[in-house]
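**Student:** need the 3D shape of this:
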Amino acid sequence: MAFDFYPEVGLTRAELLDKLSANMSEKRFQHVQNVAQAALRLAERWDYPDLRKAELAGLLHDYAKEETDDTFIHLIQKYQLDPDLLNWNNNVWHGLVGIYKIQEDLGLTDSEILRAIEIHTVGSADMTLLDKILYVADYVEAGRTFEGVEAARLLAYEQDLNAAVAYETVHTVAFLTSKHVRIYPQTILTYNAYVDQLK
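**Tutor:** Residues are numbered from 1 along each chain as shown. From the prediction side, this is the model:
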């Protein structure tokens, strides 16, 4: 299933895909389509009532991923966001700051979709169903091939969405610590909120 029109942005599917393909690499374009498909599947499985919103969140989640650092710094300053954001990078910015680029370019005002996109990489201790769907869809989409992805898909599509959130967060934290890089504080809060779901 795919929707032909997205009233949240006033665009047909074809128009939106044209905008996305012009704004990102072919690899990223395929990824966002895969995430949209995964989000739809998760929404159906876990009874999220608005499948169109789930698909749209998937299509838009990486809209700003390939923007320049200067663009993000400008947005942080323009919207007077937390100055600490200046100490991070694209991995954090494309969600937390990218939603302002989406609002400027596409006129999206739906707070539920914006929230899901905002936290799709860092998570939150307090996630809505759509938040969880997008967070997990980005991790388990069909193009992912990392070790452990099949276990993540089993949790996500068949067993327990909260456990899927936990699994993703635990493995993301483990990956980041193995690289000896700083972890965004909100990700640690997500870890603490969900880790017990794996017991």
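**Student:** which residues of the chain score low on pLDDT?
**Tutor:** Per-residue confidence of the chain (counting by pLDDT under 70) places no residue in a weak region.
**Student:** please enumerate the helices of this protein.
**Tutor:** 13-23, 26-45, 51-60, 69-78, 90-96, 98-106, 111-118, 129-140, 149-154, 161-178, 185-194 (DSSP state H).
**Student:** got these as a markdown table, with distance to residue 84 columns?
**Tutor:** C-beta coordinates here come from the backbone N, C-alpha and C atoms, glycine included. Listed next are the helices of the chain as a markdown table, based on distance: least, CB to CB, whole Å:
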| stretch | distance to residue 84 |
| --- | --- |
| helix 13-23 | 27 |
| helix 26-45 | 27 |
| helix 51-60 | 25 |
| helix 69-78 | 10 |
| helix 90-96 | 10 |
| helix 98-106 | 16 |
| helix 111-118 | 16 |
| helix 129-140 | 22 |
| helix 149-154 | 30 |
| helix 161-178 | 18 |
| helix 185-194 | 9 |
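**Student:** what is the neighbour count of residue 134?
**Tutor:** 32 (other CB atoms under 10 Å).
**Student:** any idea how far the spatially closest residue to it that is not a sequence neighbour is from residue 175?
**Tutor:** Ranked by CB to CB, 6 or more residues apart in numbering and with sequence neighbours excluded, the top spatial neighbour of residue 134 is residue 116, at 4.3 Å. Distance, residue 116 to residue 175, by CB to CB, to the nearest Å: 22 Å.
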